[in-house]
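After the sequence you'll find the predicted model.
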Amino acid sequence: MIDTMNTLPWTAEHATGGPLDQVFRIVRDQVPDLVIEHNAAVEEEDGDWDEFFIRMATNPDPLRLECRSGGQPPFTVFDEYSSIDARDPAAAAEAVLEFLSA
């Protein structure tokens, strides 16, 4: 199970100012009950990358999305068993939607 300790809610009002905002916009348009949490501890420990947990409100098992600081690519989307690397927001959103629909 993916550990979601030390996370904070990441709502539609939050923004990184980077391509990650587009990833979340695309996914939220397709999944209205989307829950995103930010792992603030990772950002504090290593300012080079950032980590988010994504799930549907009805599913307690999250995906993990990693990206560079400021919401920059590359993006890596993980579930418990596999991962998908993406270089652009559209591909990252597609990976998130693929995992959510599995």
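Ah, there it is.

going forward, measure contacts between C-alpha atoms and count neighbours the same way
Fine.

Show the average pLDDT along stretch 24-44.
Mean pLDDT, computed over stretch 24-44, is 86.

Where does the spatially most central residue of the chain sit, in terms of helix or strand?
Closest residue to the average C-alpha location of the chain: residue 65 at 3.7 Å, with CA atoms, centre = their mean. Using DSSP states H and E, residue 65 sits in strand 63-68.

now the angle between strand 63-68 and the helix ranked longest in the chain, please.
Using DSSP state H, we find that the single longest helix of the chain is helix 89-101. Helix 89-101 and strand 63-68 meet at an angle of 160 degrees, taking axes from the mean of the first three to the mean of the last three CA atoms, to 10 degrees as the criterion.

So that it lines up with my notes, have the first residue be 729 from now on.
Yes, from this point I'll number from 729; that puts the last item at helix 817-829.

in this protein, which ranges drop under the pLDDT threshold?
Judged against pLDDT under 70, the low-scoring parts of the chain cover residues 729-734, 770-775.

Count the neighbours of residue 799 for me.
For residue 799, the neighbour count with other CA atoms under 10 Å is 22.

Pretty sure it sits against residue 751.
No - at 9.5 Å, residue 799 and residue 751 do not qualify as touching, with contact defined as CA atoms under 8 Å.

how would you label residue 749: helix, strand or coil?
With DSSP: H, G, I helix; E, B strand; the rest coil as the basis, the three-state label of residue 749 is helix.

what number of residues lie near the residue lying closest to it once chain neighbours are set aside?
Distances taken as CA to CA, 6 or more residues apart in numbering place residue 743 nearest to residue 749, at 5.9 Å, with adjacent residues excluded. In terms of burial, residue 743 registers 15 neighbours under the definition other CA under 10 Å.

for residue 786, same thing?
Using other CA under 10 Å, residue 786 has 9 neighbouring residues.

That one is in what secondary structure piece?
Applying DSSP H and E as the criterion places residue 786 outside every helix and strand.
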